[in-house]
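S.K.: Dropping the sequence and predicted coords here.
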Amino acid sequence: MEQTLAAWLVPALTLVVGIAVGFLLARLAPNAAPGRTQRQMDEMQARFEAYQNEVVTHFNTTASLVKKLTQSYQDVQEHLSDGANRLALDELTRQRLLATLNNAENAEKRERLTPPKNYEMPKDYAPKNDGPGMLDESYGLKK
């Protein structure tokens, strides 16, 4: 009978220990996963904020450079106007230079060229008086 009790006691004890270990692992595992998930979320949030800061910096720099470009353009335009006033020998030349500068500022878009109204597609053969042209389908064929 002692052997039968030992034969039942060892598997039963192993089953109880396995259940206890499984229960402890089940309680610890869900607590570990949210910590890891929260850490990943924090990392993603930090990367997103860094990206946002980089985008804001990029557009601020772009706006600053465009402002400098506009100011440089205005400075060049002013320089050309002053040069036209100082260097033009006569009043007519001065007026023409200033008019050209002002027209360049207010220039409208140029109209596109349109094809002629009597536009004819090119022919794929060269007509001849004494027979079909070289590219005609019937060229070189004997009747």
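M.R.: Okay, I see it.

S.K.: what mean pLDDT would you report for stretch 103-115?
M.R.: For stretch 103-115, mean pLDDT rounds to 61.

S.K.: Low-confidence bits of the protein, can you list those?
M.R.: 1-2, 29-34, 104-113, 115-116, 119-136, 139-140, 142-143 (pLDDT under 70).

S.K.: What are the boundaries of the helices in it?
M.R.: Remark: helices assigned in the chain by DSSP state H are 2-87, 91-105.

S.K.: Make a markdown table from these and add distance to residue 141 to it.
M.R.: C-betas here are computed from N, CA, C, even on glycine. A markdown table is the format used below for these (distance: least, CB to CB, whole Å):
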| stretch | distance to residue 141 |
| --- | --- |
| helix 2-87 | 67 |
| helix 91-105 | 62 |
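
S.K.: Buried deepest among these, which one?
M.R.: Stretch with highest mean neighbour count among those: helix 91-105 (a mean of 12; mean count of other CB atoms under 10 Å).

S.K.: now what about it, what contacts it?
M.R.: 77, 80, 81, 84, 85, 88 (CB atoms under 8 Å, 6 or more residues apart in numbering).
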